[in-house]
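1. Pasting the sequence and the predicted coordinates here, then a few questions.
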Amino acid sequence: MKNLGQLIFDLDGTLLDTMELHARVFSHILERFGADGEFSRRYYLETAGESLAKQFRDVLQRYGLQDVGIKGLIEGFDQRVMEVLERKKQNILFADVEATLPIFQEAGYRLMVSSSGTSMLVKAKLKYSKLWGYFSIVLGSDDDNGLSKGETHFQEMIEQLDMPVEEFNETSVMIGDGLHDMRVGKEQGLVTIRRLGWADQDETIDDFTDFVIHNFNELLGLLKDDEGSFKPVRWLRRKRDLREE
């Protein structure tokens with residue numbers, strides 16, 4: 001089967017419409033320890049893509065709550081998110097995702113997930129939304145194994161693919177919705193595609209973004225030539241470079 005390259009997707013805010021749910025759970029947990037709920041909610045959204053452990057630590061430090069165990073907070077967060085989803089039977093898929101992922105896969109792209117959520121929660125949400133089988137590599141962010149979105153995720157992908165770093169960088173795309181997604185992709189040397197979505201972003205996100213889409217139907221078009229044929233990621237890279245000249 002031909003390989004056109006790697007499409008690396010962020011999860012929350014890109015494949016799944018879960019950002020507001022996560023922000024509410026995050027704020028409710030911190031409110032119990034005395035942190036302001038609205039500040040916590042906004043901080044979660046503003047720092048989306050960073051590890052949950054760092055987000056909890058930052059808010060706790062702001063309110064002088066440094067004796068709270070982070071591991072327990074993360075476990076509570078994961079449990080609460082899945083409890084809400086199971087109870088409400090929410091459809092958390094963005095409308096365009098279910099129809100387009102099979103097309104990307106059949107065209108010859110490797111599909112992967114890089115998430116700042118814990119591996120357990122990432123797997124649970126992918127199975128809940130019936131997306132698990134589409135991805136050849138799925139990585140969450142866990143303190144115990146040292147993996148997090150960015151350099152260590154890309155290193156792990158390179159090892160699993162048994163691919164030279166230069167080839168990986170030239171044939172991979174980072175697709176996300178937040179500043180952190182775009183920054184880590186650009187720092188690795190990947191093509192970056194931002195999905196417009198849930199909130200206004202820091203204007204510096206433009207410095208790290210190669211292409212902007214509103215939905216995955218536009219992503220389909222971005223990956224095709226004028227004749228409607230899917231092209232390798234290297235072709236998209238050349239398209240970006242020509243546009244910037």
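-> Yep, that arrived. Numbering: from 1, shown residues only.

2. Which residue, neighbours along the chain excluded, lies closest to Ala95?
-> Spatial nearest neighbour of Ala95, chain neighbours left out: Asn215 (7.9 Å); criterion: C-beta to C-beta, 6 or more residues apart in numbering. The way it works is simple: take the backbone N, C-alpha and C, and place the C-beta from them, glycine included.

3. Ok, Leu7 next?
-> Tyr109 (4.9 Å).

4. what about that neighbour, distance to Glu50?
-> Here Tyr109 is placed at a distance of 27 Å from Glu50 (C-beta to C-beta, to the nearest Å).

5. low pLDDT regions in this structure?
-> 1, 198-202, 245 (pLDDT under 70).

6. Strands along that one, start to end?
-> When assigned using DSSP state E, the strands of the chain occupy the ranges 5-9, 109-114, 137-139, 172-176, 191-195, 211-213.

7. one step back: compare Tyr109 and Glu50 and say which is more crowded by neighbours.
-> Legend: neighbour count by other C-beta atoms under 10 Å for Tyr109 and Glu50, higher for Tyr109 (22 against 19).

8. Now do that one against Val97, distance only.
-> 15 Å.

9. most residues in a single helix of the protein, which one?
-> Across the chain, the longest stretch assigned as helix under DSSP state H is helix 70-88.

10. how far is that helix from where the chain is centred?
-> 19 Å (C-alpha atoms, centre = their mean, to the nearest Å).

11. do stretch 175-189 as well
-> 9 Å.

12. Touching that stretch from outside, list them.
-> With C-beta atoms under 8 Å, 6 or more residues apart in numbering as the test, stretch 175-189 has contacts from 7-10, 13-14, 47-50, 116, 149-151, 153-154, 169-170, 172-174, 191-198, 201-202, 204-205, 208-209, 219.

13. residue contacts, Gly49?
-> Applying C-beta under 8 Å, 6+ apart, the residues contacting Gly49 are Asp10, Ser116, Lys149, Gly176, Gly178, Leu179, His180, Asp181, Val184.

14. let's see 10 Å
-> 10, 12-13, 55, 114-116, 141, 149-150, 176-184 (C-beta atoms under 10 Å, 6 or more residues apart in numbering).

15. and what of Met82?
-> Neighbours of Met82 in contact, by C-beta under 10 Å, 6+ apart: Met120, Leu121, Ala124, Lys125, Tyr128.

16. filter these to the buried ones?
-> Leu121, Ala124, Lys125, Tyr128 (16 or more other C-beta atoms under 10 Å).

17. Hmm, the last one is touching Leu85, no?
-> Meaning Tyr128. Yes: contact criterion C-beta atoms under 10 Å: Tyr128 and Leu85 qualify, at 6.0 Å.
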